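Sharing a model prediction with you, sequence too.
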Amino acid sequence: MTPRLIRLTVNGRAYTRSVEPRTTLVDFLRDDLDLTGTHVGCEHGVCGACTVLLDGQPVRSCLLFAIQLDGAVVTTVEGLADGERLHPIQEAFREHHGLQCGFCTPGLLLTAKAFLEEHPAPSDGEIREAIAGNLCRCTGYHFIVDAIRAAAGGVRR
Amino acid sequence: MKPAPFEYVDPRTVDEALDHLHRHGEEAKVLAGGQSLAPMLNFRLARPAVLVDINRVAGLDGVTETNGALRVGTLVRQRHLERAIDGRFPLLAAGLKLIGHTAIRVRGTVGGSIAHADPAAELPALLACCDGVILTRGRRGERSIAAAEFFVGPLMTALAPDELVVETRWPLPAPGTGWGLHEVARRHGDFALVGAAALVALSDGQVRSARVAVFGCGATPTRAAAAEATLEGRVPTVALIDDAARAAASKLDPHADLHASAEYRRRVARTLMTRALSDAISRASGSAR
Ligand SMILES: Cc1cc2nc3c(=O)[nH]c(=O)nc-3n(C[C@H](O)[C@H](O)[C@H](O)COP(=O)(O)OP(=O)(O)OC[C@H]3O[C@@H](n4cnc5c(N)ncnc54)[C@H](O)[C@@H]3O)c2cc1C
Ligand code: FES
Ligand code: FES
C-alpha cells in the first residue's frame, strides 16, 4: 500500500529508498539493498538467522518493518570485515570451524558481537545462553562456543 | 510467508494514536515491539488494514518510582527494564530474563507483553502476583485496571479496541519480602510450558503474606488463592508448603496442547509452586536476620 521514503544508514553508508509498509527489514536489506548476507529462515523470530544490529543492539530483522526505520543505524554481516581483513569474531569462527553450511553464521556473528561487547570474559554457560536464540542445524554448537570463547580472549587458540 | 498489505501510520502523541484507533476500529492494530504481532502478520494470522505504530509516541518510555510502585511506560523495552530495575524488584528482573532471547527483549515492550496476554508469558503473571495495575487511555479518558480483572482469556483482555495501554504499575515488594520463580520450558528462551512465581513476607517466623501466581496452566495467569490461604498466619514448614501447593494445584484449570497434557501441567505446576514458595520463604527468612 502507500509507500514512503525512508533514510537510513547501513554499514556506514546512507541510503534513501521508497518502501511499502509490509516490507520487513530483512527483505529490504536483501532485495532493495542487495545485502544478501543477512539470511531469512523462519520469519517468526525463532531461528535467529536474520539477526542484525539496530543502533548497536541485536534485533530480528524479520520482525521489523523497513518503514519503521527512518533515521536508524543498522549493521549487517557485510559491515563486520575491514576490507579483506575479517573481523576478529569472523576470524575465530574460521579458525575454530564455527560454521559448516553458513546459513546461521551471519546471525550468530552479530549476536556474538553484541554479546562480547557486554561480556568481555564470558563463561561457557553464558555463551550458550547468549546463542540459545540462534539455531544451527550443522555444527552441534560446540565449535561455535569455542569460536566465541576464543574471540573473547582476542584471537587465540 | 509475507504479511498481507496494510496501511501504516506512526503517530507522535497518544491522542493522535487514539484518533487512528477510533477511526479504523477493528481494522486497526497497535504495533509496539512487534515480537508477537509481526510473526502473526508474517503468517497472516492477523490481517489488519492499518498498523498504528506507537514506537514514536512521546512520553511512553519512562521508568519511575512513586508511592512504592514502579511505573513503567508501555513502550519500555523488556531489555531496558531488566537494567533499570537495579535491585529494586528481583522477581521482576528474574522474570524479564526468561523472556525469549536478548534480541527479542531489545524490541519487545513491557506493555506489549501485557496487552498481548499470552497465558504462558511471564510479565502478566508477575503483574498479577504483585497486585499490579494497568493504566489505559481511550478517547473517553483514563482507566486503571487491576491485573486480576485485566486478563480475561488467552490473548484476551479488558482493553477496548480503541484503547491503549499507557503504563503498568508494579507495587514494590516490602523490604524483607522473599521471592521465587520457576518455569519449565523446552529450551532457554522458549515460552514456558508451566511456571510459578511467589512473593512471601514473614513476621515472627510466620507467614504474614503469601502471593503465588501460576502461568502456562489455563486461559490466564492464575493467582493460587488456595496456596496463599493455606500459608497465611502459619509457620512455613516443608509439609505446609507441600499442602499449600497441592491445594492450589487441585483448583487449577490447566489446558492441554501439543506440548503437554492437562494432567502433566497440573503436576508440574504443583512442583513449581513448591519450589517457588520454598525459595521465597528461605529468601525472606535470610533477609529477616
Ligand atoms: C522467539 C520469541 C520468543 C519469545 N519468548 C517469550 C517468552 O519466553 N515469554 C514471553 O512472555 N514472551 C515471549 N515472546 C514474546 C515477546 O515477549 C513480546 O515482546 C511480547 O509478547 C509482545 O510485546 P511487543 O512489544 O513485541 O508487542 P507487539 O508484538 O507489538 O504487540 C502484541 C499485541 O499487543 C498489542 N499491543 C501492544 N502494545 C499495546 C498498547 N500499548 N496498547 C494496546 N495494545 C497494545 C498489539 O496490538 C498486539 O496485539 C517471544 C517472542 C519471540 C519472537
Ligand atoms: S528469520 Fe528472523 S528469526 Fe528466523
Ligand atoms: S552452519 Fe549450517 S546451520 Fe549453522
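All right, it came through fine. Ligands and ions are numbered 1, 2, ... in the order given.

which residues does residue 138 contact?
As the question left the chain open, I've gone with chain A. Contacts for residue A:138 (C-beta atoms under 8 Å, 6 or more residues apart in numbering or on different chains) come out as A:99-101, A:103-104. Quick note: C-beta positions are derived from backbone N, CA and C, even for glycine.

Can you look at chain B instead?
B:18, B:160, B:162-164.

Closest to ligand 1 out of those residues?
residue B:164 (4.1 Å; C-beta to the nearest ligand atom).

May I have the beta-bridge partners of the closest one?
residue B:137 (DSSP bridges).

Burial check on it, number of neighbours?
Residues lying near residue B:164 (other C-beta atoms under 10 Å in any protein chain shown) number 24.

And for residue B:68?
10.

That one contacts residue B:172, doesn't it?
Yes: Residue B:68 lies in contact with residue B:172 (C-beta atoms under 8 Å); the separation is 5.4 Å.

Can you give me the distance of residue B:137 to residue B:127?
18 Å (C-beta to C-beta, to the nearest Å).

Which one of the two is surrounded by more residues?
For residue B:137 and residue B:127, the more surrounded residue by other C-beta under 10 Å is residue B:127, and the numbers stand at 29 against 18.

How about the contacts made by the more buried one?
Here residue B:127 is in contact with B:114, B:134, B:147, B:168, B:170 (C-beta under 8 Å, 6+ apart).

Show me chain B divided up by domain.
B:1-54+B:61-172, B:178-284 (automatic domain parsing).

In chain A, which residue sits closest to ligand 1?
Counting by C-beta to the nearest ligand atom, chain A gets nearest to ligand 1 through residue A:45 (2.8 Å).

was I right about that residue contacting residue B:39?
Yes: between residue A:45 and residue B:39 there is a contact under C-beta under 8 Å: 5.8 Å.

Who has more neighbours out of the two?
A direct count of neighbours by other C-beta under 10 Å for residue A:45 and residue B:39 places residue A:45 higher, at 25 against 19.

Helix, strand, or coil at the more buried one?
coil (DSSP: H, G, I helix; E, B strand; the rest coil).

Between the contacts of residue B:127, which sits nearest ligand 3?
Nearest to ligand 3 out of the contacts of residue B:127 is residue B:114 (C-beta to the nearest ligand atom; 34.9 Å).

Can you check what pLDDT the model gives that closest one?
On the pLDDT scale, residue B:114 is placed at 98.

Confirm it sits in a helix?
Yes: assessed by three-state DSSP, residue B:114 belongs to a helix.

Give the burial count for it, as a bare number.
If we define neighbours as other C-beta under 10 Å, then residue B:114 has 25 of them.

cool, residue B:101 as well?
Neighbours of residue B:101 (other C-beta under 10 Å): 23.

so is the residue in chain B positioned nearest to ligand 2 in a helix, a strand, or just coil?
In chain B, the residue that lies nearest ligand 2 is residue B:103 (8.2 Å; C-beta to the nearest ligand atom). Per three-state DSSP, the local secondary structure of residue B:103 is helix.

Tally up the residues packed near it, please.
30.

and it, what is it in contact with?
By C-beta under 8 Å, 6+ apart, the neighbours of residue B:103 are A:48, A:51, A:58-60, A:111, A:133.

Skip the chain neighbours and tell me the closest residue to residue B:43.
For residue B:43, ignoring the flanking residues on the chain, the nearest one in space by C-beta to C-beta, 6 or more residues apart in numbering or on different chains is residue B:1 at 5.8 Å.

Read off the pLDDT value for the one you found.
At residue B:1, pLDDT is 80.

now it: how far from residue B:39?
10 Å.

Domain-wise, how is chain A divided?
A:4-79, A:88-151.

mind listing what residue 36 touches?
With no chain named, the answer covers chain A. residue A:30.

other chain: chain B
B:108, B:112-113, B:116, B:118.

Return only those of these found close to ligand 3.
Among the contacts of residue B:36, no residue lies close to ligand 3 (C-beta under 6 Å from any ligand atom).

out of these, which one sits closest to residue B:279?
Distance to residue B:279, by C-beta to C-beta, is smallest for residue B:113 among the contacts of residue B:36, at 23.2 Å.

For the nearest residue to the closest one once chain neighbours are set aside, grab the count of nearby residues.
Distances taken as C-beta to C-beta, 6+ apart put residue B:123 closest to residue B:113, at 4.3 Å, once the chain neighbours are dropped. Residues within reach of residue B:123, counting by other C-beta under 10 Å, total 31.

For chain A, give me the ranges with low pLDDT.
The model of chain A has pLDDT under 70 over residues A:154-157.

all strands for the stretch 51-200 of chain B, in order.
B:63-66, B:69-73, B:133-138, B:141-146, B:151-153, B:156-157, B:164-171, B:178-184, B:194-203 (DSSP state E, counting those that start in this stretch).

hey, which of those strands is tucked in deepest?
Stretch with highest mean neighbour count among the strands of the stretch 51-200 of chain B: strand B:194-203 (a mean of 27; mean count of other C-beta atoms under 10 Å in any protein chain shown).

what pLDDT, on average, does the next helix or strand after that one get?
Counting by DSSP states H and E, the next helix or strand C-terminal to strand B:194-203 is strand B:206-215. The pLDDT scores in strand B:206-215 average 98.

cool, stretch B:171-180 as well?
The model assigns stretch B:171-180 a mean pLDDT of 96.

what's near enough to touch the closest residue to chain B within chain A?
Nearest to chain B, among the residues of chain A, is residue A:133, at 3.0 Å (C-beta to the nearest C-beta). Residue A:133 makes contacts with A:46, A:48, A:111, B:100-104, B:189, as judged by C-beta under 8 Å, 6+ apart.

Enumerate every residue touching the residue lying closest to it once chain neighbours are set aside.
Sequence neighbours aside, residue B:101 is the residue nearest to residue A:133 in space, at 3.0 Å (criterion: C-beta to C-beta, 6+ apart). Residue B:101 makes contacts with A:48, A:132-133, B:189, as judged by C-beta under 8 Å, 6+ apart.
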